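Asker: The sequence and its predicted three-dimensional model are supplied below.
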Amino acid sequence: MRRICNARIVATLGPSSSTPEVIRALAEAGADVFRFNFSHGSHEDHRARMQVVRDIEKAVGRPIGVLLDLQGPKLRVGTFAQGPVTLVKGRNFRLDLDPAPGDVTRAPLPHPEIFAALKPGADLLIDDGRVRLHVERCGADFAETTVVAGGMVSNRKGVNVPSVVLPISPLTAKDRADLECGLELGVDWVALSFVQRPEDMDELRALVGNRAGILAKLEKPSAIEQLTAIVERSDAVMVARGDLGVELPPERVPGIQKRIIHAARSAGRPVIVATHMLDSMVHAPVPTRAEASDVANAIFDGADAVMLSAESASGDYPVEAVRMMDRIIHEVERDPAWRRLMDANQAVPEATTADAVCAALAQVTQVLGIAATVTYTSSGYTALRAARERPEAPILGLTPNLATARRLTLVWGVTPVHGEDIHDVAEMVEHAKRAAVAHGYAGPGDRLAIVAGMPFAQPGTTNLLHLAQIGEG
């Protein structure tokens, strides 16, 4: 099951994709990583799906990644005495800590942390921004607002506070329990929702350690303001366009998406573009042309991966959605303009031995027509730095660590291969040749570029570039 494309596909599992038959079909259609959305389903549901994924991984003979997506804090209004109310533009509306059911003039907002951070002039968004309130006056337990955009509000609708950094942890008690469950199951990546500041990633890192890679979901304006620091403290990032599109004007989201991709590529961190990518395929067998263009643009920008949410989790056509995404990626990567854009947007190598070696690797693959590059890595660092350079030849990421192989399923251009330890250069070359031939990347007479770190098995020591040729006959 060799993956032809460089960009990867993340598919969310859910009611439409919970059976072994469908999950295997998703893997065969092109899914590299499966997302477990812990906002839905029980721990037993996720445990059963994990067993299915690991069984399929053995059956198809290639590593498959699993991404745990934590729910994060959910800020909601309280209830209304007489059912839904309609707020009218220009009218006053009060939010407070009084738990009494609301009406058309007020509603409970049981989140003192919101009132602690609010200031006059801030906006509050209800129900994914369908209703917008402007704060005129506020205190420790109330906010007097004016309705800027009216509409119907019902019980427990979500609340967004786009211009305010809230004094809360992104990890709720539920998230901590879900995290322990996921780490026990052996997930490969943990995605943190509601990231507002770099310290949020430090909090997650302290809990996860080296048991999984940590991923920042960028969906808050405050996170974009500290983008570089958050990217540096994460192992990967996600352009979470759902909430980002609620809290920012829609016209700003495309530019911010490009900015996030550029920042992640510069830092050598995998970046996922997510939300509404093929949304019409939840109920239709084909996407709109605009959706196909949306996926294509993410690939042209150099994203490591694109993600399906409801399309594969609860839609009517989960397998078709993965196949369509795979077809779009394949078509883009055949376009001559794609390679030109990869080269034009390439970040300048950092002044390190690893980047100097990997930059040389990219140039060698172009000048010599290398069939495949092979990285030897225990932690994944060498493969990540090689992928940062977006070489023209595919990358085989050989590693003795199965957990590393699974994490590398998210990385642009890398085919992770779980293998044995090596002890010297001669053994390294022979293993590289065998892997390249076995996975269909090279044949007799083809050249390979091999990157590794010496001494072997010591993370972060990328310092060797070796050229080899597969013998005839």
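Answerer: Looks like it came in fine. On a predicted model such as this, the values are computed, not experimentally measured, just so you know.
Asker: where along the stretch 101-250 of the chain do the helices fall?
Answerer: If DSSP state H, counting those that start in this stretch is used as the criterion, the helices of the stretch 101-250 of the chain fall at 112-117, 173-185, 198-208, 221-225, 227-232, 241-247.
Asker: Run the chain-centre distance for the first one.
Answerer: Going back to what we said before, that points to helix 112-117. Here helix 112-117 is found 30 Å from its chain centre; the criterion is Cα atoms, centre = their mean, to the nearest Å.
Asker: list the helices and strands that helix packs on?
Answerer: Packing partners of helix 112-117 (3 or more Cβ pairs under 8 Å, 6 or more residues apart in numbering; DSSP states H and E): strand 142-149. C-beta coordinates here come from the backbone N, C-alpha and C atoms, glycine included.
Asker: Then the third one?
Answerer: The contact analysis (3+ Cβ pairs under 8 Å, 6+ apart) places helix 198-208 against helix 173-185, strand 189-192, strand 213-218, helix 227-232.
Asker: Adding distance to residue 289 and mean pLDDT as columns, could you present the ones you listed in CSV?
Answerer: Output for the helices and strands packed on helix 198-208, formatted as CSV (distance: least, Cβ to Cβ, whole Å; pLDDT from 0 to 100):
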stretch, distance to residue 289, mean pLDDT
helix 173-185, 37, 98
strand 189-192, 30, 98
strand 213-218, 27, 98
helix 227-232, 31, 98
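Asker: Is it possible to get a markdown table of the ones you listed that adds mean neighbour count?
Answerer: Formatted as a markdown table, these follow (neighbours: other Cβ atoms under 10 Å):
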| stretch | mean neighbour count |
| --- | --- |
| helix 173-185 | 17 |
| strand 189-192 | 27 |
| strand 213-218 | 26 |
| helix 227-232 | 18 |
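Asker: To residue 277, which of the ones you listed lies closest?
Answerer: Each of the helices and strands packed on helix 198-208 was scored for nearness to residue 277 using Cβ to Cβ, and the closest is strand 213-218 (15.2 Å).
Asker: Now do the closest one: distance to the chain's middle.
Answerer: On Cα atoms, centre = their mean, the centre of strand 213-218 falls 7 Å from that of its chain.
Asker: that older thread, including distance to residue 450, could the helices of the stretch 101-250 of the chain go into a markdown table?
Answerer: Output for these, formatted as a markdown table (distance: least, Cβ to Cβ, whole Å):
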| stretch | distance to residue 450 |
| --- | --- |
| helix 112-117 | 53 |
| helix 173-185 | 34 |
| helix 198-208 | 32 |
| helix 221-225 | 38 |
| helix 227-232 | 29 |
| helix 241-247 | 38 |
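Asker: now for those helices, which one comes closest to residue 394?
Answerer: Residue 394 sits nearest to helix 227-232 of all those, at 25.6 Å, using Cβ to Cβ.
Asker: Verify the contact between residue 291 and residue 275 for me.
Answerer: No: Residue 291 is not in contact with residue 275 according to Cβ atoms under 8 Å; the separation is 11.6 Å.
Asker: quick revisit: with respect to residue 335, which of the helices of the stretch 101-250 of the chain lies nearest?
Answerer: helix 241-247 (23.7 Å).
Asker: helices and strands around the closest one, which ones?
Answerer: By 3+ Cβ pairs under 8 Å, 6+ apart, helix 241-247 packs against strand 159-160, helix 253-267, strand 271-274.
Asker: among these, which is the most enclosed?
Answerer: strand 271-274 (a mean of 27; mean count of other Cβ atoms under 10 Å).
Asker: for that one, packing partners?
Answerer: Looks like strand 271-274 contacts strand 236-240, helix 241-247, helix 253-267, strand 305-308 (3+ Cβ pairs under 8 Å, 6+ apart).
Asker: From the chain's centre, how far out is it? Work that out for me.
Answerer: Distance of strand 271-274 from the chain centroid (Cα atoms, centre = their mean) equals 5 Å.
Asker: likewise stretch 449-456?
Answerer: Remark: stretch 449-456 is offset 28 Å from the chain centroid, using Cα atoms, centre = their mean.
Asker: What of stretch 456-463?
Answerer: Distance of stretch 456-463 from the chain centroid (Cα atoms, centre = their mean) equals 26 Å.
Asker: quick check, residue 374 in a strand?
Answerer: Yes: remark: residue 374 belongs to a strand, assigned using DSSP: H, G, I helix; E, B strand; the rest coil.
Asker: check contacts around it.
Answerer: 395-396, 398, 432, 435-436, 448-451 (Cβ atoms under 8 Å, 6 or more residues apart in numbering).
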